[in-house]
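S.K.: A predicted structure for the sequence below; I have some questions about it.
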Amino acid sequence: MTEHTEVLQPEPAVALARLLRVDLPDLENDGLPLLWHWVYLLDRPHQADLGPDGHPVRGIVPAPGRRRMAAGGRVTRTGPLVVGRVATRRTEVVSTTDKTGRSGPLTFVVVRHTISQDGEVKVVEEQDIVYRDAASAPASATAATPVPLEADERAFPVDPIVLFRFSALTYNAHRIHYDRDYARDVEGYPGLVVHGPLQALAMAEAVRATGVTPTAIGYRVVAPLFDHQGLVVRATSGRVSVRDHSGRVTATGQVETLTGERKAR
């Protein structure tokens, strides 16, 4: 188990609000919205501890040279995480499971984070991470016919600038999100990979935009999303999801709100 403590300053929340193109919440009274803790209490490894892909080679790494992807997670906000006060995050590996998929050997790792403030637990999170073998050949980008937006959908920009800024805000050095040559030539992706957490944030923010307060989310990344494919988020009664411009669903979610309303996947 590892532990990290810091005073939550307003600047990361200000930066995230500008990235998401939303108004800054009342950080002192309402606390951070669901998932905004992702720009706080960050791991900041030494440069010498990073591998060629930009990820740490120590800690939660099943084997060197394997591709890492966010597969999903579950986050519950049990109370307001208030800016201006000290908070502590405790991190532990819950489980490690080896499986074999269509792409070869897979290792699934579940990591739990518990964030406390003023002696009370405020956020409980479990992250699902999958590691797979390196790609054998680069993938090519294919054109697809755009699907018009429905009334309950909205587009969210995922150009290289947005991906780079989100990587910087979350201290994520994984090169698949900002180094197009590396993503294509080494890891075999047809474009820059849109962060799984960014898709989860888009879903949570879409719910918050309806005027309710999301307090918990369970999300799953069902397919990789690339920058040239766009991001369209839907959050309506009974549905929370992300798709690309062609209609291919890349992430789904289940959100609970302050009123107890449940938006199912």
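M.R.: All right, it came through fine.
S.K.: In a helix, Met203, correct?
M.R.: Yes. When DSSP: H, G, I helix; E, B strand; the rest coil is applied, Met203 is found to be in a helix.
S.K.: Next one, pLDDT for it please.
M.R.: Looking at Met203, its pLDDT reads 96.
S.K.: Surely it touches Val233?
M.R.: Yes. Contact criterion CB atoms under 8 Å: Met203 and Val233 qualify, at 5.8 Å. C-beta coordinates here come from the backbone N, C-alpha and C atoms, glycine included.
S.K.: Give the intersection of the neighbour lists for these two.
M.R.: When CB atoms under 8 Å, 6 or more residues apart in numbering defines a contact, the residues bordering Met203 and Val233 alike are 241-242.
S.K.: and those two? which has more neighbours close in?
M.R.: In this view Met203 and Val233 are compared by other CB atoms under 10 Å, and Met203 has more residues nearby, 28 against 24.
S.K.: ok, the more buried one - contacts?
M.R.: For Met203, the contacting residues are 217, 219, 233, 235, 240-242, 251, 253, 255, by CB under 8 Å, 6+ apart.
S.K.: Next, the buried residues of stretch 184-202.
M.R.: Judged by neighbour count (16 or more other CB atoms under 10 Å), stretch 184-202 contains these buried residues: 184, 186-187, 189-202.
S.K.: what's the helix or strand harbouring Arg112 in contact with?
M.R.: If you go by DSSP states H and E, Arg112 is part of strand 104-117. Identification of contacts with strand 104-117 by CB under 8 Å, 6+ apart yields 37, 41, 60, 62-63, 66, 71, 79, 81-82, 85-100, 121-133.
S.K.: Out of the residues you listed, which end up buried?
M.R.: Of the contacts of strand 104-117, these count as buried by 16+ other CB under 10 Å: 37, 41, 60, 66, 71, 81-82, 87, 89-91, 122-131.
S.K.: can you map out the helices along the stretch 151-265 of the chain?
M.R.: Applying DSSP state H, counting those that start in this stretch to the stretch 151-265 of the chain gives helices spanning 160-169, 180-185, 196-208.
S.K.: can you redo those as CSV with distance to Leu16?
M.R.: Converted to CSV, the helices of the stretch 151-265 of the chain look like this (distance: least, CB to CB, whole Å):
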stretch, distance to Leu16
helix 160-169, 6
helix 180-185, 24
helix 196-208, 8
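S.K.: can you tell which of those is closest to Thr5?
M.R.: Nearest to Thr5 among the helices of the stretch 151-265 of the chain is helix 160-169 (19.9 Å), distances taken as CB to CB.
S.K.: what inclination does that closest one have with respect to helix 196-208?
M.R.: In terms of direction (axes from the mean of the first three to the mean of the last three CA atoms, to 10 degrees), helix 160-169 departs from helix 196-208 by 100 degrees.
S.K.: packing partners for helix 160-169?
M.R.: helix 11-20 (3 or more CB pairs under 8 Å, 6 or more residues apart in numbering; DSSP states H and E).
S.K.: which other residues reach the helix it packs on?
M.R.: 23-25, 27, 32, 36, 39-40, 83, 162, 165-166, 169, 201, 205.
S.K.: how does it look with 7 Å?
M.R.: Outside helix 11-20, the residues within contact range by CB atoms under 7 Å, 6 or more residues apart in numbering are 23-24, 27, 32, 36, 39-40, 83, 162, 165-166, 169, 205.
S.K.: Could you do stretch 47-59 as well?
M.R.: The contact list for stretch 47-59 (CB under 7 Å, 6+ apart) reads 45, 64, 68, 173-175.
S.K.: Please apply the same query to stretch 215-226.
M.R.: 34-35, 70-77, 189-194, 196, 199-200, 203-204, 231, 244, 248-258.
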